[in-house]
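fold the following.
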Amino acid sequence: LAGFWPMRGEGDPRPGMAGHDGPVVLPVVTGPARPLVFRLWQGGALLPGPFGTSHPPESAPVLQPAVLIVPLAGFDAAGNRLGYGGGFYDRTLELLRKSGPVTALGLAFAVQELPRIPAEPFDQPLDLIVTDRGPILPRAESRRA
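Modelled structure (predicted):
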């Protein structure tokens with residue numbers, strides 16, 4: 001399970017991460033326009049990363065997650081998401097999905113839902129959005145830009 005350390009008033013995935021019965025990894029930004037890598041986190045101290053992120057030390061093993069809890073700035077009912085503009089999760093999900101099934105769970109507050117987010121061909125959809133008002137299963141409609 002890949003979680004994230006919340007910042008900027010984001011929803012807090014830590015209770016879900018703590019309840020997971022298996023390895024938990026946190027994302028590491030390795031550079032601009034690059035996919036994320038995920039390091040094992042076992043409750044120890046975190047290091048500050050780029051853009052205000054926090055991540056495990058370089059000595060932590062790198063693991064490939066099958067389920068990712070994804071932060072976002074906004075989402076729509078079709079499973080499109082607005083991130084923070086770096087494209088890190090889109091690149092990462094594209095790469096992970098090429099190697100097998102991966103589930104992307106958006107974590108948001110219900111007030112972050114927008115009527116429609118234009119999707120580009122490289123944008124990766126969410127499989128489920130979990131909000132403070134309950135889960136939202138994205139509509140099966142086709143995603144249009």
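
need the residues that contact stretch 58-65.
1, 2, 23, 25, 37, 38, 39, 40, 41, 96, 99, 102 (C-beta atoms under 8 Å, 6 or more residues apart in numbering). Quick note: C-beta positions are derived from backbone N, CA and C, even for glycine.

out of the residues you listed, which are inside helices?
Using DSSP state H, residue 96 are the members of the contacts of stretch 58-65 that sit in helices.

the contacts of stretch 58-65: which two are farthest apart?
41 and 99 (21.8 Å; C-beta to C-beta).

scan the contacts of stretch 58-65 and report the most crowded one.
Neighbour counts for the contacts of stretch 58-65 peak at residue 2, which has 28 neighbours (criterion: other C-beta atoms under 10 Å).

separation between the nearest residue to that one once chain neighbours are set aside and residue 81?
Nearest non-adjacent residue to residue 2, counting by C-beta to C-beta, 6 or more residues apart in numbering: residue 65, 3.7 Å away. Separation of residue 65 from residue 81 (C-beta to C-beta, to the nearest Å) stands at 17 Å.

of these two, who's got more company?
Between residue 65 and residue 81, counted using other C-beta under 10 Å, the more crowded position is residue 81 (25 against 20).

which residues does residue 125 contact?
The contact partners of residue 125, taken as C-beta under 8 Å, 6+ apart, are 78, 79, 80, 81, 104, 119, 138, 143.

what's across from the fourth one in the sheet?
In this structure, residue 81 has beta-bridge partners residue 75, where bridges are defined by DSSP bridges.

from residue 41, how far out is the most far-flung residue of the chain relative to its centre?
Computed with C-alpha atoms, centre = their mean, the residue of the chain farthest from its C-alpha average is residue 59, at 22.5 Å. Distance from residue 59 to residue 41, counting by C-beta to C-beta: 12 Å.

and the helices in this structure, which stretches?
For the chain, applying DSSP H gives helices covering 14-19, 88-98.

and among these, the most buried is which?
Mean neighbours per residue, mean count of other C-beta atoms under 10 Å, is largest over the helices of the chain for helix 88-98, with a mean of 18.

using CSV, lay out the helices of the chain together with mean pLDDT and distance to residue 69.
Shown next, in CSV, are these (pLDDT from 0 to 100; distance: least, C-beta to C-beta, whole Å):
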stretch, mean pLDDT, distance to residue 69
helix 14-19, 96, 7
helix 88-98, 97, 11
